[in-house]
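Engineer: Pasted the sequence and its predicted model underneath.
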Amino acid sequence: MIPLLLLLGSCTLGVKARTLWTERNEITVREGEEIFIKCNYDKTRYVFAKKYWCHGEFSTQCNVLGDNDKRASSARLHIADNKWGTLSITMRNLVPEDSGTYWCGIEKAYADIMISVKLTVIEETVSEPVVAFIGNPRDSCLGLPVSIDCRSTTGRHLNYSWYNQKNRVVIGSNTLKIQCDKLTQADEYYCEASNNKSKIFSSVIRAQLLDSTDNICKYIIILQDHDNYSCPLPTTIMPGITTAIQEVTTSCAATTFQEMSTNVSVELSLYNRMESWASLRWSLPAIELEYLYKAYLPHLSQNVSFQYKRFFSH
């Protein structure tokens, strides 16, 4: 049985130099990384001996973390003895608290053989958070919500918050959801990533409302270091389709799409219109089809919605 505290005088330096050694006695890594250590031993004498890995400033006060019988105190620790003179130790997902002195040891009567390895784990500071779209940013052209992700690549125990241009917290999360009906003419936001050591801010994003001629709220979102996009104007790039929809809504005096969805005659007229658009849909760019599908489908009843989906799936 391996004792948790090795008795005073268990390390014999003269024996250690000849029978147990490692290539590195000092190791420095960054937080989150792993180490792989080979403790070499004299296989002619100690191939069947108990070998272990322990932690403590002194060999006389060393807490055993695992041994070559596959016993380990943590899932982050793996120990293997190849029975050919090498005891391999792997420690994963290292944190600053793992820093300290470790020992390779071989159980031996009267005096265990030990050699030390000093480990230093450098704490990673919080990196500048990167902002990116979640999903298709062009959903903003349809007045749909757009979500933006904020994430730092380094740092531990991170907290995220989004702020507006008035430096007020919008949400205590790494995901910001922008909704058209909540925007003023132009709104700005930025993200903060922080832990108990430091904090840092992202670049500013801008949400800009657009003028609309089809009663659909539209906006664009501008991210620094990202390709900008624009919103198509359906009254100019989809004249056939938008004119047809306007004719249907006007003839039935429907001021909203919700009213249109409750009017059977309007639905029938729209369905007939969809059938007549069959040849036109092949020539429409994908963004225009997406515009129609997302902008008008939610406002129709289930029956017409099914036919509408069929139209776009052709």
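Structural biologist: It's in.

Engineer: what residue ranges in the protein score low on pLDDT?
Structural biologist: Within the chain, the stretches with pLDDT under 70 are 1-18, 212-215, 232-314.

Engineer: Mark out where each domain of it begins and ends.
Structural biologist: For the chain, automatic domain parsing gives the domain ranges 13-122, 130-222, 234-313.

Engineer: tell me what the helix or strand hosting residue 208 is packed against?
Structural biologist: In this structure, residue 208 sits in strand 205-209 according to DSSP states H and E. Based on contacts counted as 3 or more Cβ pairs under 8 Å, 6 or more residues apart in numbering; DSSP states H and E, the elements that strand 205-209 packs against are strand 186-194, strand 219-222. In short, each C-beta sits where N, CA and C put it, glycine included.

Engineer: Save those as a markdown table, and put in mean neighbour count too.
Structural biologist: Compiled in a markdown table, the helices and strands packed on strand 205-209 are given as follows (neighbours: other Cβ atoms under 10 Å):
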| stretch | mean neighbour count |
| --- | --- |
| strand 186-194 | 20 |
| strand 219-222 | 20 |
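
Engineer: Tabulate the ones you listed in a markdown table, adding columns for distance to residue 85.
Structural biologist: As requested, the helices and strands packed on strand 205-209 are exported to a markdown table (distance: least, Cβ to Cβ, whole Å):
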| stretch | distance to residue 85 |
| --- | --- |
| strand 186-194 | 47 |
| strand 219-222 | 61 |
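
Engineer: nearest to residue 48, of those strands?
Structural biologist: Within the helices and strands packed on strand 205-209, the stretch nearest residue 48 is strand 186-194; the backing value is 52.0 Å (Cβ to Cβ).

Engineer: so what strands line up beside that closest one?
Structural biologist: strand 159-164 (antiparallel), strand 199-201 (antiparallel), strand 205-209 (antiparallel) (DSSP bridges).

Engineer: what residues does it touch?
Structural biologist: Contact partners of strand 186-194, identified using Cβ atoms under 8 Å, 6 or more residues apart in numbering, comprise 126-129, 131, 148, 150-152, 155, 158-165, 170, 174, 176, 178, 199-209.

Engineer: Tell me the span between the first and last residue of stretch 138-158.
Structural biologist: As for stretch 138-158, its first-to-last residue distance stands at 30 Å under the measure Cα to Cα, to the nearest Å.

Engineer: Excluding chain neighbours, give the residue nearest to residue 145 in space.
Structural biologist: With sequence-adjacent residues excluded and distances taken as Cβ to Cβ, 6 or more residues apart in numbering, residue 145 is closest to residue 179, at 4.9 Å.

Engineer: My guess is that neighbour contacts residue 147. True?
Structural biologist: No: judged on Cβ atoms under 8 Å, residue 179 makes no contact with residue 147 at a distance of 10.2 Å.

Engineer: Let me have the strands paired with strand 186-194 in a markdown table, extended by mean neighbour count.
Structural biologist: Output for the strands paired with strand 186-194, formatted as a markdown table (neighbours: other Cβ under 10 Å):
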| stretch | mean neighbour count |
| --- | --- |
| strand 159-164 | 18 |
| strand 199-201 | 15 |
| strand 205-209 | 18 |
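
Engineer: Can you convert those into TSV and add a column each for distance to residue 95?
Structural biologist: As requested, the strands paired with strand 186-194 are arranged in TSV below (distance: least, Cβ to Cβ, whole Å):
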stretch	distance to residue 95
strand 159-164	17
strand 199-201	20
strand 205-209	32
